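J.: fold the following for me, if possible:
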Amino acid sequence: MLARQFLIVIAIMFWGSLPVAAGIEAFHPGTAIPEFGRIAEVEIEFPIAEGTEFHVVFDLADGTEPGEVNRGLESLARFINMHVAAGIPEDDIHLAVVVHGSATHDLTTDDHYEPLKDATNANAALVEALLAHGVRLYVCGQSAAYNDVSNEDLLPGVVMALSAMTAHGQLQQEGYTLNPF
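T.: Residues are numbered from 1 along each chain as shown. Below is the predicted model:
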């Protein structure tokens, strides 16, 4: 019995010595896109190889509530901010996002968005920032048709694709890998 109590005390002492996650307060603006995509400093054990060049496509289907920024879109800003902070030149970061489903509305102008959502599109500034950093934004034409979104309804710089499947196929042929998050 005494041995068991001793092991419990040791376990509690060990557990107490583990670093505690800092939580949301550990996140700060990045240097590339400070308005979006907050990042945390991380002591990495899986280093990024020197000369790495990223070609990554994200898939986004879930829309947001009116007045909210889409976390999926913000992940692109976070990706840029994290990797610039880790020493990757921004010219070596090539990102795209293929948007479909209910997220289609998150890439539309206020003229289209406001009557549907009774709010302005909180994603417009983020989309503009992503485009300024070379991110390619594609909308699934099939989802757009289903959601009654025309090319004229899209924010400037957003491109209508035949479908999400088509856009992913073409981007893979260009060497883009799919980010599963």
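J.: C-alpha only now, for contacts and for neighbours.
T.: Noted.
J.: pLDDT-wise, which helix or strand of the protein ranks last?
T.: Taking mean pLDDT, DSSP states H and E as the measure, the helix or strand of the chain with the lowest value is helix 2-17, at a mean of 40.
J.: report all helices and strands that the next helix-or-strand element following that helix contacts.
T.: Scanning forward in sequence from helix 2-17 by DSSP states H and E, the next helix or strand is strand 54-60. Helices and strands touching strand 54-60, by 3 or more CA pairs under 8 Å, 6 or more residues apart in numbering; DSSP states H and E, are helix 71-85, strand 93-99, strand 177-178.
J.: deepest-packed of those, please.
T.: Stretch with highest mean neighbour count among the helices and strands packed on strand 54-60: strand 93-99 (a mean of 23; mean count of other CA atoms under 10 Å).
J.: with just CA atoms, put that strand into CSV.
T.: Output in CSV follows, covering the C-alpha atoms of strand 93-99 (Å, rounded to 0.1, in the frame of the first residue of the first chain):
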residue,chain,number,x,y,z
ILE,A,93,4.5,29.9,-50.0
HIS,A,94,1.9,29.3,-52.7
LEU,A,95,-1.6,28.8,-51.4
ALA,A,96,-5.0,28.2,-52.9
VAL,A,97,-8.5,27.5,-51.5
VAL,A,98,-11.4,25.8,-53.2
VAL,A,99,-14.7,27.0,-51.7
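J.: mind listing the strands that strand pairs with, and their directions?
T.: With DSSP bridges as the test, strand 93-99 is paired with strand 54-60 (parallel), strand 136-140 (parallel).
J.: coming back round to it: okay if I get the helices and strands packed on strand 54-60 as CSV plus mean pLDDT and distance to residue 125?
T.: Shown next, in CSV, are the helices and strands packed on strand 54-60 (pLDDT from 0 to 100; distance: least, CA to CA, whole Å):
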stretch, mean pLDDT, distance to residue 125
helix 71-85, 97, 11
strand 93-99, 98, 16
strand 177-178, 98, 25
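J.: in contact with residue 120, which residues?
T.: 66, 67, 110, 113, 114 (CA atoms under 8 Å, 6 or more residues apart in numbering).
J.: now that we have those residues, which of them are buried?
T.: For the contacts of residue 120, a neighbour count by 16 or more other CA atoms under 10 Å gives the buried set as 66, 110, 113.
J.: could I get the phi/psi values of the last one?
T.: Here is the backbone geometry of residue 113 (degrees, to the nearest 10): phi -70, psi -50.
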